[in-house]
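Colleague: Quick one: sequence plus predicted model below, questions after.
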Number of protein chains: 2
Amino acid sequence: MKSFEEELNNRVQYIEKVIRSYLIDEKEKKADRQSEIYEAMNYSILAGGKRLRPMLVLEVSRLFGGADEDTGCFMAAIEMIHTYSLVHDDLPAMDNDEYRRGRKTTHVVYGEAMGILTGDALLNYAFETAIKGIRTASDLHRALRALEILSEKAGVFGMIGGQVTDIKFEGQTVSEGIDNDIATLDYINELKTGALIEAAMMMGAVLAGAGEEEVAVIESVASDIGRAFQIQDDILDVTSTSEVLGKPVMSDEKNHKTTYVNLLGIDGAGEQVKILTERAMGKLRSLNGKNEFLEKLIESLIYRKK
Amino acid sequence: MKSFEEELNNRVQYIEKVIRSYLIDEKEKKADRQSEIYEAMNYSILAGGKRLRPMLVLEVSRLFGGADEDTGCFMAAIEMIHTYSLVHDDLPAMDNDEYRRGRKTTHVVYGEAMGILTGDALLNYAFETAIKGIRTASDLHRALRALEILSEKAGVFGMIGGQVTDIKFEGQTVSEGIDNDIATLDYINELKTGALIEAAMMMGAVLAGAGEEEVAVIESVASDIGRAFQIQDDILDVTSTSEVLGKPVMSDEKNHKTTYVNLLGIDGAGEQVKILTERAMGKLRSLNGKNEFLEKLIESLIYRKK
């Protein structure tokens, strides 16, 4: 039997291949006057990363007995959207980060104007890719519903809404009391991190033909996972090292960010991760169908060390 | 008989109403923690403007006998995309403009981080709006083709590609000879301005059920119009006043931009506008169907004073 790490590695390799197949071939299109944008897009998206969101699309689709071929363009699209959000987050006017995953950020390499345009390009190309993919979908209506979920969860009622709330909350110097602060943090994370995880898992379910009730359960599982994932992120920021994480640690404190660790302490935050994970697993196991790898994946993501 | 100005006014009012119906109701959603992004989106898109692109969707659809109701979400979506491109263009790292249409630009009012996010939000919401609209489309396949056109023409092979080439060309201090410079300018304008005008007109045609050959003619008409429109823009930048234009004049010279006026002189540039317009009109009149307002609109846009 293969170890979880082997299985994970196989999937990452498969996903990398799928994502690459949807990227613009910068060598083939070298002669285009705008070719630098293809390079910058590829530089940004091929920076490694866990490929968590596409993997969740794939594995939830498998949970419901879906065909892998139906997930390709959506796996690529959601990773493009995740990547654009990182590229824009790193900009000087946002988090002003010069390194990500151990490499220089996009605007540091290509300049700030190109950083803005590369994010725009990845967001647009995500939809371009998914919309083109729909033409050959085995079930047009499922594919359209997946596209609709992606557009909603990535937008102002989803991820972008979370980023906006985050900026407003950071600018706020006075605590509104611990309960209100936790509620705001929950809201930010539900949208900023949770929304795309929900999109990934819901798309997988929808593409595999899951019913609306099952999709709702998956959305709620994803919401718990997203929150646990974010709390773990806050914990790692104070307990890990920059060598292990591949990005600076203690950055939340440096940026005077309110985090779950500030509000609940490391132990309290760890307890929350445990509660959310167990609840998510319970709901996931209540569904028909089983995907052991998905269960192990979720646990490994939440209890990760980097 | 109504004058062209009256007819134009009626249409602008109709389009304003349609666009507003697709915007987020910021008062109704005031309680959302991210409500400032709704405000910033609406501030940006309700800044007036000619509503040229939605009007072209509508009038080309009418040319081919399409139903106005089928165009709504696409009119809103293309105006959102046009608006996001302006919001990002105005950012400090791009053109660094503080005023547009006589009002402060989005990042000046809401801050730079919100300027970036507002552009992102409008781009995402454009697709969100069009994708949702497709659910109720009278012809799903036409609507999907329109969506595909929009995503292509707005992306790196369209508008964004033009912006990237523009930035590269501006950074280039040495002329590559007048013929090469004109070729590059043509390329920039074909993509930066032309692509969305092509998208607008092609979507109108596709939604009304025009055949592929007719759509190709419309694309070529739109390409000529886009180019003529851009040359006229360069001419107005040196011949108009900031009061009439609602934006600074001589900005191209200030920014050391190479323009058609630099390369061809005012008269030469004016001559080009004429040639392109006549060619576009000839092709437009070769089609079955007639839309007199559309013809007058195109002439008025190209020979506009602001």
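Modeller: Everything's here; your move. These numbers were taken from a predicted model, which means no experiment stands behind them.
Colleague: Buried ones in stretch A:60-73, by neighbour count?
Modeller: Buried residues in stretch A:60-73, counted by 16 or more other CB atoms under 10 Å in any protein chain shown: A:60-64, A:66, A:70-73. C-betas here are computed from N, CA, C, even on glycine.
Colleague: Ok, stretch A:251-269 next?
Modeller: If you call a residue buried by 16+ other CB under 10 Å, then stretch A:251-269 has these buried ones: A:252, A:257-264, A:269.
Colleague: Which of those residues scores worst on pLDDT?
Modeller: Among those, A:Asp252 has the lowest pLDDT, at 70.
Colleague: In this structure that residue contacts A:Tyr260, no?
Modeller: No: the pair A:Asp252 / A:Tyr260 is not scored as a contact, 9.8 Å apart, by CB atoms under 8 Å.
Colleague: Which neighbours do those two have in common?
Modeller: Residues touching both A:Asp252 and A:Tyr260 (CB atoms under 8 Å, 6 or more residues apart in numbering or on different chains) are A:Asp234.
Colleague: re earlier: which of the buried residues of stretch A:60-73 are close to chain B?
Modeller: Among these, proximity to chain B is found for none (CB under 8 Å from any CB of the partner chain).
Colleague: Save those residues as TSV, and put in distance to A:Val87, pLDDT and secondary structure too.
Modeller: Putting those into TSV (distance: CB to CB, whole Å; pLDDT from 0 to 100; DSSP: H, G, I helix; E, B strand; the rest coil) gives the following:
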residue	distance to A:Val87	pLDDT	secondary structure
A:Val60	26	98	helix
A:Ser61	27	98	helix
A:Arg62	30	98	helix
A:Leu63	31	98	helix
A:Phe64	32	97	coil
A:Gly66	30	97	coil
A:Asp70	28	96	helix
A:Thr71	24	98	helix
A:Gly72	23	97	helix
A:Cys73	21	98	helix
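Colleague: And the furthest pair within those?
Modeller: Greatest spacing in these, by CB to CB: A:Leu63 and A:Cys73 (19.6 Å).
Colleague: pretty sure A:Glu59 contacts A:Phe293?
Modeller: Yes: using CB under 8 Å, A:Glu59 makes contact with A:Phe293 at a distance of 6.3 Å.
Colleague: what residue ranges in chain A score low on pLDDT?
Modeller: Counting by pLDDT under 70, chain A has low-confidence residues at A:243, A:245-248, A:253-255.
Colleague: All the strands of it, in order from the start?
Modeller: A:99-100, A:103-104 (DSSP state E).
Colleague: could you redo the ones you listed as JSON lines and give each row distance to B:Ile235 and mean neighbour count?
Modeller: Shown next, in JSON lines, are those (distance: least, CB to CB, whole Å; neighbours: other CB atoms under 10 Å in any protein chain shown):
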{"stretch": "strand A:99-100", "distance to B:Ile235": "44", "mean neighbour count": "18"}
{"stretch": "strand A:103-104", "distance to B:Ile235": "42", "mean neighbour count": "16"}
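Colleague: among those, which is nearest A:Asp224?
Modeller: strand A:99-100 (26.5 Å).
Colleague: Quick one: residues contacting A:Ala76.
Modeller: A:18-19, A:21-23, A:54, A:126, A:129-130 are the contacts of A:Ala76 under CB under 8 Å, 6+ apart.
Colleague: Give me every residue in the stretch 151-300 of chain A lying close to chain B.
Modeller: With the criterion set to CB under 8 Å from any CB, the stretch 151-300 of chain A comes near chain B through A:151-152, A:154-156, A:160-165, A:167-168, A:184, A:187, A:191.
Colleague: show me the contacts for the residue nearest to A:Ile78 when sequence neighbours are not counted.
Modeller: Leaving aside its sequence neighbours, A:Ile78 sits nearest to A:Arg53 (CB to CB, 6 or more residues apart in numbering or on different chains; 4.6 Å). A:Arg53 sits next to A:75, A:78-79, A:82, A:196-197, A:199-200 when contact means CB under 8 Å, 6+ apart.
Colleague: A:Gly268 too?
Modeller: Counting by CB under 8 Å, 6+ apart, A:Gly268 makes contact with A:Tyr260.
Colleague: Output the strands of chain A in CSV, with distance to chain B appended to each entry.
Modeller: Formatted as CSV, the strands of chain A follow (distance: least, CB to the nearest CB, whole Å):
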stretch, distance to chain B
strand A:99-100, 17
strand A:103-104, 17
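Colleague: May I see those organised as a markdown table, with distance to A:Asp32 added?
Modeller: Formatted as a markdown table, the strands of chain A follow (distance: least, CB to CB, whole Å):
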| stretch | distance to A:Asp32 |
| --- | --- |
| strand A:99-100 | 27 |
| strand A:103-104 | 24 |
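Colleague: the longest helix in chain A is where?
Modeller: Longest helix of chain A, by residue count under DSSP state H: helix A:212-239.
Colleague: For that one, buried residues please.
Modeller: With burial defined by 16+ other CB under 10 Å, the residues of helix A:212-239 counted as buried are A:214-215, A:217-238.
Colleague: A:Ile225 against A:Glu299, yeah?
Modeller: No: between A:Ile225 and A:Glu299 there is no contact under CB under 8 Å: 10.1 Å.
Colleague: count of neighbours near A:Asn10?
Modeller: 12 (other CB atoms under 10 Å in any protein chain shown).
Colleague: Contacts only, for it.
Modeller: A:Asn10 makes contacts with A:Lys2, as judged by CB under 8 Å, 6+ apart.
Colleague: Contact partners for the nearest residue in space to A:Val108 that is not next to it in sequence?
Modeller: Closest residue in space to A:Val108, ignoring its immediate chain neighbours: A:Glu98 at 5.2 Å, by CB to CB, 6+ apart. A:Glu98 sits next to A:90, A:104-105, A:108 when contact means CB under 8 Å, 6+ apart.
Colleague: Return the residues in contact with the spatially closest residue to A:Ala93 that is not a sequence neighbour.
Modeller: Distance criterion CB to CB, 6+ apart; nearest residue to A:Ala93, sequence neighbours excluded, is B:Glu112 at 3.8 Å. Neighbour list for B:Glu112: A:93, B:91-92 [criterion: CB under 8 Å, 6+ apart].
Colleague: closest to chain B among the buried residues of stretch A:60-73?
Modeller: Nearest to chain B, judged by CB to the nearest CB, of the buried residues of stretch A:60-73 is A:Cys73 at 12.2 Å.
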